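In: Kindly return the folded structure for what I paste below:
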Amino acid sequence: MLYHKDIGFPESLELQYGYTFDLTYSKHAQDAANSDRYGTIKLPQGVTFHKDRIIEVETEDDVIVTKMVIRISYALDNKLDLCLVIIPQTGFVKTVWINEAKDKHKTLDKNKYDFPCEK
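Out: The predicted structure is shown next:
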């Protein structure tokens, strides 16, 4: 199942907030960091998960998060955000890219995502 923060996450998800992950990067993520449209991305060694940073989660059985997309402030002037696609169990980063912080993706295609079941 695939969920987006603007649509909602199931209550059953095991999301650990405030936990810091050490990160390792795929070759694809490293290549993306070296060729981003905003310039070379300095990749963080770790990241602390906070609820407001999680943009998208992919789950197994609506309980275990198998992939997540997070968005963290990147530039000191808060004009850019770093997006990372992470396998949370291992801290493995599949890819990265930069977005402008003001870009809130108002054109979200809700058809790509599942809706959490209501209890």
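In: rest of the way, CA atoms for contacts and neighbours
Out: Noted.
In: Point to the helix or strand of this protein where mean pLDDT is at its lowest.
Out: When each helix and strand of the chain is scored by mean pLDDT, DSSP states H and E, strand 20-22 comes last, with a mean of 87.
In: For it, which helices and strands make contact with it?
Out: strand 46-48 (3 or more C-alpha pairs under 8 Å, 6 or more residues apart in numbering; DSSP states H and E).
In: which outside residues touch the strand it packs on?
Out: Applying C-alpha atoms under 8 Å, 6 or more residues apart in numbering, the contact partners of strand 46-48 are 17-23.
In: Buried residues, it. List them.
Out: Judged by neighbour count using 16 or more other C-alpha atoms under 10 Å, the buried positions of strand 46-48 are V47.
In: sorry, back to before: now, of the contacts of strand 46-48, which are buried?
Out: Counted by 16+ other C-alpha under 10 Å, the contacts of strand 46-48 give 21, 23 as buried.
In: Would you mind putting the contacts of strand 46-48 into CSV with distance to K79 alongside?
Out: As requested, the contacts of strand 46-48 are exported to CSV (distance: C-alpha to C-alpha, whole Å):
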residue, distance to K79
Y17, 24
G18, 24
Y19, 25
T20, 24
F21, 24
D22, 25
L23, 23
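In: Of all pairs in the contacts of strand 46-48, which one is the farthest apart?
Out: Y17 and L23 (16.1 Å; C-alpha to C-alpha).
In: Please tell me I have it right and Y17 contacts K51.
Out: Yes - with contact defined as C-alpha atoms under 8 Å, Y17 counts as touching K51 (6.2 Å).
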